[in-house]
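[1] Below is the sequence, then the predicted model.
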Amino acid sequence: MGSSAASIPQAATQSSTPSGVHIKPRNRTHDISAALRGEWLDNDPFLTAFFNGMSIAFPVGEKFFIDSVRHYADRITDPELKENIKGFCGQEGFHRREHQHYNETLCAARGYNLEKLEGTLTRRLNWAQENLPPLTNLAVTVAIEHFTGVLAELLLSPGSIMDRVEPSMRALWRWHAAEEMEHKAVAFDVFRAVGGSEELRLGVMRRVSVLMSIELTRALFYILKQDGELFNFRLWRAGLAGLFGKHGAFNGGWAPYKAFYNHGFHPWQQDTRELLVQWAAEPQLSA
Ligand SMILES: [Fe+2]
Ligand SMILES: [Fe+2]
């Protein structure tokens, strides 16, 4: 425990993860090389490209998340939150490994340049680590963890786009989603425990939302260009509807995203425990 621990507000517990939720790293591997050669998401080149683009961002992002949370680990005194930090780092570590494998396999199979795809994001996050205060970087993690938490809820909900996904990819995305849901409050609790303000949380979220949209769009453009589909406007129209339309992948995501801007927001105000129970009851494909 550092001397700065005295300045940390002490509550009964600093962890707000519900008691029935265990942040358990599951060391799973996924045999996805055959699926990655094709349009694994509903046989749709646009939606497949969009989700592949998201995967590109995970390994470099997850390293950043781990670093920004670990930076404060020895300032946390609450045993429950300390345990949750360990679970968080373990889970993100396995996600990082599996998505690195995903990305390398994808790029080899389809002729994409991984360095080009992830280069800008890597440079942005390296710049942030070198130039921004650690608390701001933790706020960046809190903001992106909110995105992954909301996405997890969408992907684990009945009738989600995951019902139209090749089985090995479905297993990987839903494993990742379940663990994101389990640890959705960890970075948030650390941020709060070390004195992160509402002002910083909201200000960073606004910027992160813009930057993430730019990064995901950049990856999507690159992939569609490589696939020879960049100017296929019919594909774009159907694909955007497939993401944001009435039955789209992100339908239902706006309200939980916006909840972040409420004063006093907390990730578990959205009680998603039932989705975890349902996921755990499913037969698990991966090793
Ligand atoms: Fe993750
Ligand atoms: Fe996460």
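    Arrived safely, thanks for sending. Ligands and ions are numbered 1, 2, ... in the order given.
[2] Regarding the residue of the stretch 151-287 of the chain found nearest ligand 2, what is its secondary structure?
    For the stretch 151-287 of the chain, the residue positioned closest to ligand 2 under CB to the ion is residue 180, at a distance of 4.7 Å. Quick note: C-beta positions are derived from backbone N, CA and C, even for glycine. Remark: residue 180 carries the secondary structure label helix [criterion: DSSP: H, G, I helix; E, B strand; the rest coil].
[3] so how far is residue 109 from it?
    Separation of residue 180 from residue 109 (CB to CB, to the nearest Å) stands at 26 Å.
[4] Of these two, which one has the most company?
    Ranked by neighbour count (other CB atoms under 10 Å), residue 180 and residue 109 place residue 180 first, with 22 against 14.
[5] residue contacts, that one?
    In this structure, residue 180 makes contact with 145, 148, 149, 151, 152, judged by CB atoms under 8 Å, 6 or more residues apart in numbering.
[6] okay if I get those as CSV plus distance to residue 40 and pLDDT?
    Rendered in CSV, the data for the contacts of residue 180 read as follows (distance: CB to CB, whole Å; pLDDT from 0 to 100):
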residue, distance to residue 40, pLDDT
145, 26, 98
148, 20, 98
149, 24, 98
151, 17, 98
152, 19, 98
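[7] Can you narrow these down to the ones near ligand 2?
    Cross-checking the contacts of residue 180 against ligand 2 (CB under 5 Å from the ion) gives residue 148 as the overlapping residues.
[8] I'd guessed residue 16 sits against residue 187; true?
    No - with contact defined as CB atoms under 8 Å, residue 16 does not reach residue 187; the gap is 11.8 Å.
[9] What does the pLDDT read for the closest residue to residue 150 other than its chain neighbours?
    Distance criterion CB to CB, 6 or more residues apart in numbering; nearest residue to residue 150, sequence neighbours excluded, is residue 256 at 4.7 Å. Residue-level confidence at residue 256 comes out at 96, pLDDT.
[10] Where does residue 256 sit, in terms of helix or strand?
    Here residue 256 is covered by helix 254-259, with elements defined by DSSP states H and E.
[11] How about the host helix or strand of residue 141 and ligand 1, touching?
    Using DSSP H and E, residue 141 falls within helix 134-156. No - on the criterion CB under 5 Å from the ion, helix 134-156 is out of touch with ligand 1, staying 6.1 Å away.
[12] What helices and strands are in contact with that helix?
    Where contact means 3 or more CB pairs under 8 Å, 6 or more residues apart in numbering; DSSP states H and E, helix 134-156 is packed against helix 45-70, helix 114-131, helix 167-182, helix 186-193, helix 198-226, helix 254-259, helix 273-281.
[13] could I have that helix exported to CSV, CA atoms only?
    Coordinates of each C-alpha in helix 134-156 appear next as CSV, following Å, rounded to 0.1, in the frame of the first residue of the first chain:
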residue,chain,number,x,y,z
PRO,A,134,-2.5,8.1,-15.7
LEU,A,135,-6.0,9.1,-14.4
THR,A,136,-7.0,10.3,-17.9
ASN,A,137,-5.8,7.0,-19.4
LEU,A,138,-7.8,5.2,-16.8
ALA,A,139,-10.8,7.3,-17.8
VAL,A,140,-10.2,6.2,-21.4
THR,A,141,-10.3,2.6,-20.3
VAL,A,142,-13.5,3.3,-18.3
ALA,A,143,-15.1,4.8,-21.5
ILE,A,144,-14.1,2.0,-23.8
GLU,A,145,-15.1,-0.6,-21.2
HIS,A,146,-18.5,0.9,-21.3
PHE,A,147,-18.6,0.3,-25.1
THR,A,148,-17.5,-3.3,-24.7
GLY,A,149,-20.0,-3.7,-21.8
VAL,A,150,-22.9,-2.5,-24.0
LEU,A,151,-21.7,-4.5,-26.9
ALA,A,152,-21.6,-7.6,-24.7
GLU,A,153,-25.2,-7.1,-23.6
LEU,A,154,-26.2,-6.9,-27.2
LEU,A,155,-24.3,-10.0,-28.3
LEU,A,156,-25.5,-12.1,-25.4
